[in-house]
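>>> Predicted model, plus sequence, below.
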Amino acid sequence: MRDRIKVKFTTENTVAVVRTRVALQQQVRAWKAAGETVGFVPTMGALHSGHISLVEKAKENAGRTITSLFVNPAQFAPGEDFGTYPRQEDDDLALLSAAGCDLVYLPTVAEIYPDGSVTDVRVNAMSDLLDGIYRPHFFYGVATVVARLFLHVQPDTAVFGEKDYQQLQIIRRMVRDLGFPINIIGGETKRDGDGLAQSSRNLYLAADERRAAGALFAALHRASVRLSLGALPGDVSAEAEAHLMRAGFRSVDYIALVDPGTLALLPADAPMPGGAARLLGAAWLGRTRLIDNISVTR
Ligand code: PAF
């Protein structure tokens, strides 16, 4: 059950909404002048309880919380789902009100990308691995919009979901390289009962696809146990792919064991070294691409 449906009919929208950088910065300056800290959760809307857990994490780490709702055109390639990406502003505002978010930033495209704007942010190397191979534009669009949002919001902390693990690590790297004075916090992935990671794109799944979707986390979980016992990453990835194809997935882009910080691939033909690694997967169920990941410790 989507939480926002329950909330919509029981709560008045109390959250403040601003649509311009000027209005946003007036409020942020006033909070900071009063000695308050600001936590920020950037989103593309179509919120679910995974997003709300990020808002809760921001509230634990800062006095005031801002959430942005902005479907960022720069992270969609032609032919991807920019036009059909779910937009549910009223439901999102109701959920954020109920969660005690202080302010929602709802900029227009022109507010984020002023006319004639030609400046991008590229976190090289890390953006070209894993998902970057299949969506070459994607992390450049993400880094660019997040850098712009950071300059608008000027938060003390920002929270990103671990479900988008590569994105989280790229943002950490961007913040380090550019010296943004922002503490980046990862929020744990929220899952449905069968393990499916919550995602706005789960709305695309037909009923039979939704029944099969839990197989992605099941395959990653089984693989993580095998890896922690010393199985070879190449064998484990092949097993996980076979598991997904049997479960009804259309194709698998990758199941990859990587260094958790740099995202560099670990050798396929040697047991993972002692310590921590991250196993990431991306696979197609019908026309929907699902991603997920799990920590692996040996
Ligand atoms: O994870 C998302 O929803 C988006 O990639 C983000 C970080 C809000 C940038 O548009």
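Sure, I can see it.
>>> quick one: the helices in the stretch 151-298 of the chain?
165-178, 207-213, 215-228, 233-247 (DSSP state H, counting those that start in this stretch).
>>> Kindly export the first one (C-alpha atoms) in CSV.
What that stands for is helix 165-178. Output of helix 165-178 as CSV, limited to C-alpha atoms (Å, rounded to 0.1, in the frame of the first residue of the first chain):
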residue,chain,number,x,y,z
TYR,A,165,24.4,3.2,-4.5
GLN,A,166,26.5,4.4,-7.5
GLN,A,167,24.7,7.8,-7.4
LEU,A,168,25.5,8.1,-3.6
GLN,A,169,29.2,7.4,-4.1
ILE,A,170,29.4,9.8,-7.1
ILE,A,171,27.8,12.5,-5.0
ARG,A,172,30.2,11.9,-2.1
ARG,A,173,33.1,12.1,-4.6
MET,A,174,31.7,15.4,-6.2
VAL,A,175,31.3,16.9,-2.7
ARG,A,176,34.9,15.9,-1.8
ASP,A,177,36.4,17.1,-5.1
LEU,A,178,34.6,20.5,-5.2
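>>> which bits of the stretch 51-200 of the chain sit near the ligand?
72, 75, 142, 145-146, 164, 167 (Cβ under 6 Å from any ligand atom). To be clear about C-beta, it is placed using only N, CA and C from the backbone, and glycine gets the same treatment.
>>> Tell me the one of these nearest residue 61?
Set against residue 61, the nearest of those by Cβ to Cβ is residue 146 (17.7 Å).
>>> wait, doesn't the closest one sit right on residue 44?
No: between residue 146 and residue 44 there is no contact under Cβ atoms under 8 Å: 11.5 Å.
>>> Looking at those two, which is more packed in?
residue 146 (25 against 18; other Cβ atoms under 10 Å).
>>> ok, that one - contacts?
42, 121, 171, 174 (Cβ atoms under 8 Å, 6 or more residues apart in numbering).
>>> cool, residue 64 as well?
31, 36-39, 102-103.
>>> Let's see if you can find the most crowded of the residues you listed.
Highest count within the contacts of residue 64 by other Cβ under 10 Å belongs to residue 39, 28 neighbours.
>>> what separates that residue from the ligand, distance-wise?
Plainly put, residue 39 is 15 Å away from the ligand if you go by Cβ to the nearest ligand atom, to the nearest Å.
>>> Enumerate the beta-bridge partners assigned to that residue.
residue 65, residue 157 (DSSP bridges).
>>> Just the strands from this protein, written as ranges.
Assigned by DSSP state E, the chain shows strands spanning 16-18, 38-43, 64-69, 103-105, 157-161, 183-187, 251-258, 276-285, 288-297.
>>> now those strands in JSON lines, with mean pLDDT and distance to residue 131?
Below are those laid out as JSON lines (pLDDT from 0 to 100; distance: least, Cβ to Cβ, whole Å):
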{"stretch": "strand 16-18", "mean pLDDT": "98", "distance to residue 131": "32"}
{"stretch": "strand 38-43", "mean pLDDT": "98", "distance to residue 131": "18"}
{"stretch": "strand 64-69", "mean pLDDT": "98", "distance to residue 131": "22"}
{"stretch": "strand 103-105", "mean pLDDT": "98", "distance to residue 131": "26"}
{"stretch": "strand 157-161", "mean pLDDT": "98", "distance to residue 131": "14"}
{"stretch": "strand 183-187", "mean pLDDT": "98", "distance to residue 131": "17"}
{"stretch": "strand 251-258", "mean pLDDT": "98", "distance to residue 131": "8"}
{"stretch": "strand 276-285", "mean pLDDT": "98", "distance to residue 131": "6"}
{"stretch": "strand 288-297", "mean pLDDT": "98", "distance to residue 131": "7"}
